[in-house]
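*Asks:* Model the following, please.
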Amino acid sequence: MRTQHSWRQFTAALFLMFSLLLTGCGTSSSEQTEYKETPVEELYNQAYDLLQKGEKTKAAEAFEEVERQHPYSAWATKAQLMAAYAYYEGEKYDEANLALDRFIQLHPGNDRIDYAYYLRAMVLYDQINDIARDQAITQAALEALRDVIRRFPDTGYAKDAKLKIDLTLDHLAAKEMQIGRFYQKRQQYIAAINRFRKVVDQYQTTSHVPEALHRLVEVYTALGITDQAKANAAVLGHNFPSSDWYQYSYNLITTGKNELPVPKKDDRNFVRRALDEVLN
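*Replies:* Sure, this is the predicted structure:
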């Protein structure tokens, strides 16, 4: 009798468990939101409208949605590049870089690949800001800009990259000058000479060369090595005769008196104009 009662209890419990399981399954399926695919053109235009309104991060995410919903459409490829541009405009540089790396890997033969390489260089270039900070990003920007020139030498991107390279080299030279002046102030003259010499030898096209030569005149004068001081003053006078720095060096060499000036910055318009060309 007791066994029969236990069996009934077990059966009832099992039935109850089974009912609850079925009810739970029914609830979760009814609560699921039905997935609705939006037409690709509509999605793309929504993303583009967001970009036009200045909602850059939202626009980037919306462009990414185009690819998620329509991964094999021609719009998806275009949307990938637009997402990268929207992230760049919104100064979300890490996201822009990831999007561009992905585009370049997936579409190496795309007719917009030159713009992708150029935009990747600009993502790095636009992060060059303060010479007081580590210059690894400046070096990376320099390499990326050179890569654009190497790959696409006859394009407008290469032409703009050349201008940006001059500014990037100027930035790197400015960093060397800052460190050189730091050593000079602390009378660590050999270390200062190495920095100023690097500017003269490796950054010859930059605006910092005249000052670097004058600083060499100052340091050699402080060390009492007058022949080297005069040699650098002569180089300065020969190459930059109308420079204020030459006048300072001349005064220092002839009278022993030392007196002194200052540095520069940037633009994004070309990136926007280039994007218009890509889209047309």
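
*Asks:* any idea of the pLDDT on residue 148?
*Replies:* Predicted confidence (pLDDT) at residue 148: the value is 97.

*Asks:* Hmm, it is touching residue 118, no?
*Replies:* Yes - shown here, residue 148 and residue 118 form a contact pair, counting by Cβ atoms under 8 Å, at 5.2 Å. Placement of C-beta: from N, CA and C, glycine included.

*Asks:* what's around residue 183, how many residues?
*Replies:* Other residues lying near residue 183 total 18 when counted by other Cβ atoms under 10 Å.

*Asks:* got it, and residue 197?
*Replies:* The number of residues near residue 197, taken as other Cβ under 10 Å, comes to 17.

*Asks:* quick one, what contacts it?
*Replies:* With contacts defined as Cβ atoms under 8 Å, 6 or more residues apart in numbering, the neighbours of residue 197 are 212, 216.

*Asks:* quick one: which helix or strand includes it?
*Replies:* When elements are assigned from DSSP states H and E, residue 197 belongs to helix 189-202.

*Asks:* So for that helix, what gets flagged as buried?
*Replies:* When burial is assessed from 16 or more other Cβ atoms under 10 Å, helix 189-202 yields the following buried residues: 189, 192-193, 195-200.

*Asks:* So residue 148 and residue 118 - more neighbours on which side?
*Replies:* Between residue 148 and residue 118, residue 118 has the larger neighbour count (other Cβ under 10 Å), namely 29 against 26.

*Asks:* And the helices in this protein?
*Replies:* Ranges of helices in the chain, per DSSP state H, are 2-31, 40-52, 56-69, 74-89, 93-106, 113-125, 136-151, 156-185, 189-202, 209-223, 226-239, 244-255, 269-279.

*Asks:* Lowest average pLDDT across the ones you listed?
*Replies:* When mean pLDDT is averaged over each of the helices of the chain, helix 2-31 scores lowest at a mean of 47.

*Asks:* give me phi/psi at residue 73?
*Replies:* The phi and psi torsions at residue 73 (degrees, to the nearest 10) take the values phi -90, psi 160.

*Asks:* how many neighbours does it have?
*Replies:* Neighbours of residue 73 under the rule other Cβ under 10 Å: 16.

*Asks:* Quick check: closest non-adjacent residue to it.
*Replies:* With Cβ to Cβ, 6 or more residues apart in numbering as the measure, residue 40 is the residue that lies nearest to residue 73, at 5.1 Å, once sequence neighbours are left out.
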